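S.K.: coords please:
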Amino acid sequence: MEGNAFTIEEDRTRHIATVRFARPDNGNRVTAEELPAIGAAIHDLGSRKDVKLVLIRADGPHFTLGRVPDPPGKAPTTALGIRNGIVEPILDVYATVRATPVPVVAVVQGAAKGFGCALTGACDLAIASDNATFSFPEMDHHLPPTLAISAVLHKVSPKRILHMVYTREEVSAADALAIGLVSQVAPRAGLDAAVDAFAAKLTDRNRAALCGVKEYMGTALYADPHTAARLAANLLSTVFSSPKE
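M.R.: Numbers count the residues shown, from 1 in each chain. The predicted structure follows:
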């Protein structure tokens, strides 16, 4: 496949790093072999002390049409081969987004299919243009998209996930906002302005506070009320007593 799957942009003045899908001619599809590098880039950028926000963007009309299928005869055939060559690289990207200390935000235009839809859901926040669409088409090929479901399981209601999976219907940006798959919708022509305005509201806060909110949300959702409350107290105390970044 020609060209790098993604590029990296750094705006040190605004403390923003961007991972940008860079194959618009093929719908920004990615191969299984490229997934570890994508995950590593997101995590490495977000772990830098001068970065407060990581954006995932894309060139061209679409965010990403998903993963490139393995060529005939090249797909692993054993359970261990499938797990190591296909399953784990995909799950590792979702896990990397969760583990990145600062907020990771998807900026979506056009279609986000399969892996692209799941990646949008896995991100902490997502800003979509009003022409964006989201779908899980895996069942077209009789493949249960359990990996993608795992990425959105705690973001979207089970009934809406099942409806998307079973019908393979595209969800509009407005509907994606209503079900919690994205956090904001903007006009296509005003998408960049909406992202800039959103980023300004985050990056004028200190990094410790941003990281504290993400850490809390990533843990408290799975905790009982008492544990969630104690974690809230501990994280707030840590941020209060830490030097401002």
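S.K.: pLDDT score for residue 2?
M.R.: You'll see residue 2 listed with a pLDDT of 65.
S.K.: roughly how far out does the helix or strand of the chain with the lowest mean pLDDT sit from the chain middle?
M.R.: For the chain, using mean pLDDT, DSSP states H and E, the weakest element among its helices and strands is helix 79-82, scoring a mean of 82. Mean-position distance between helix 79-82 and its chain equals 25 Å (C-alpha atoms, centre = their mean, to the nearest Å).
S.K.: and after that helix, which helix or strand comes next?
M.R.: Using DSSP states H and E, the helix or strand that directly follows helix 79-82 along the chain is helix 88-99.
S.K.: ok, and for that following helix, which residues are buried?
M.R.: Neighbour counts using 16 or more other C-beta atoms under 10 Å place 88, 89, 90, 91, 92, 93, 94, 95, 96, 97 of helix 88-99 among the buried residues. The C-beta positions use only the backbone N, C-alpha and C, and glycine is treated the same way.
S.K.: cool, stretch 217-224 as well?
M.R.: Buried residues in stretch 217-224 (16+ other C-beta under 10 Å): residue 220.
S.K.: Pull out the buried positions in the least confident helix or strand of the chain.
M.R.: Residues of helix 79-82 include none that count as buried (16+ other C-beta under 10 Å).
S.K.: Contacts for it, please.
M.R.: Contact with helix 79-82 is made by 75, 76, as judged by C-beta atoms under 8 Å, 6 or more residues apart in numbering.
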